[in-house]
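> Let's see this in three dimensions:
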Amino acid sequence: MTFRIGLALWSLGRTYSFEDLKRQLGLARDIGVEGVQLWAVDYSADAPCLLDPDRCDEKCRREVKEIIDSYGLEISGFCAQLSGTKGIGGLDDPEGLKWRIEKTKKVLELASEFGAPIVTAHPGLIPDDPKSLGYRIIRGSISEIARYAEDLNACFAIETGMEPTGTLRTFLEDIGSEGLGVNFDPANLLRYGVEEIIRGVRELGEWIVHTHAKDHNPKTGKATVGEGLVPWSRYLEELRSQGYDGWLALEDETGVDVLNSLRRGRDFLHSLISSL
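Numbers count the residues shown, from 1 in each chain. Have a look, this model is predicted:
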């Protein structure tokens, strides 16, 4: 087995309609990826997402699957990125918490129906102190979601970056659920230093079920894979040594020359994977 190059489809814009989906899938195919990760919650109250489970009924889901199949692409997983009153995630925010938990469960159901039962998200900040109120709130939320994921044979994958990887590992061990995993994004960890990426793979290896592939160049602000600070060769070798050889989903949310960035990133990864 070897790594597979995918694409976080929202890098190409928002998916409001079937027409948007077709346009984005066509571009994904042209870039040369094998699969796509799909955004599956409304972008905001007045910006509906085609795949939001409260909107995309059985007929919609069937049509989406047929369209994706027609482009010769697979689905690597889904993203259910929500926000609370305090910021991104919201699973640490009591206000509106029940709604966010239920929405996440619905996306897990949708992902299972599509045969790609991985749902990724930044759930909110996990505090270092397990006795803090914030920790108890987010632990309760994610424990409930994880139990639901287990029942579906699905996985809620916490994306790296909001806290050090050691804190995330302790949290995962504390909950101890097979319905929990990690979506590893190396660029998100650069705030803690380059070595946090390699250390993070070692600490979280057994939980990694999906990854995002993006970079960060502090001089240009670009996210093009292979043109920033992420040590890609060491990173992929460490992933493999930990038993992960699944999806590397390209992601570029900069909005600047994205198509060219994704093509260069795809070519870089393809060449690097071939040399490992």
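> how close does the residue nearest to the spatial centre of the chain sit to A45?
In the chain, the centroid-proximal residue (C-alpha atoms, centre = their mean) is T120; its distance is 4.2 Å. Separation of T120 from A45 (C-beta to C-beta, to the nearest Å) stands at 22 Å. For the C-beta atoms, the positions are set from N, CA and C on the backbone; glycine is no exception.
> The protein: helices as residue ranges?
For the chain, the helices defined by DSSP state H occupy 18-31, 58-70, 97-113, 133-151, 165-175, 195-204, 232-241, 258-275.
> residues in contact with the last one?
Residues from elsewhere that reach helix 258-275 (C-beta atoms under 8 Å, 6 or more residues apart in numbering): 2-3, 5, 7, 11-12, 27, 31-33, 213-215, 222-227, 232-233, 236, 248, 250, 252, 254.
> Could you identify the buried members of those?
Burial by neighbour count, judged by 16 or more other C-beta atoms under 10 Å, picks out 3, 5, 7, 11-12, 27, 31, 33, 213-215, 222-227, 232, 236, 248, 250, 252, 254 from the contacts of helix 258-275.
> Inside strands: which ones of those residues?
Where those overlap with strands, as defined by DSSP state E, the overlap consists of 5, 7, 213, 248, 250.
> Reformat the residues you listed as CSV; add distance to A80 and pLDDT.
Supplementary listing: those in CSV, determined by distance: C-beta to C-beta, whole Å; pLDDT from 0 to 100:
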residue, distance to A80, pLDDT
I5, 23, 99
L7, 18, 99
A213, 20, 99
L248, 20, 99
L250, 20, 99
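> Which stretch among the helices of the chain approaches N183 most closely?
Among these, the nearest to N183 by C-beta to C-beta is helix 195-204 (10.2 Å).
> Could you give the number of residues near the closest residue to I138 other than its chain neighbours?
Computed as C-beta to C-beta, 6 or more residues apart in numbering, the closest residue to I138 that is not its neighbour in sequence is D92, at 4.1 Å. Taking other C-beta atoms under 10 Å as the neighbour definition, D92 ends up with a count of 25.
> and if you look at L97?
With other C-beta under 10 Å as criterion, L97 counts 17.
> and it, what pLDDT?
L97 carries a pLDDT value of 98.
> neighbours around the nearest residue to it once chain neighbours are set aside, how many?
Taking C-beta to C-beta, 6+ apart as the measure, L97 lies nearest to S141, with 6.3 Å between them; neighbours along the chain are not counted. Taking other C-beta under 10 Å as the criterion, the count of residues near S141 is 23.
> E34: neighbouring residues, count only.
Applying other C-beta under 10 Å, we find 15 other residues in the vicinity of E34.
> So it sits against G6, correct?
Yes. Using C-beta atoms under 8 Å, E34 and G6 qualify as a contacting pair, with a distance of 6.2 Å.
> Touching both of the two, which residues are there?
With C-beta under 8 Å, 6+ apart, E34 and G6 have common neighbours E74.
> That'll do, ta.
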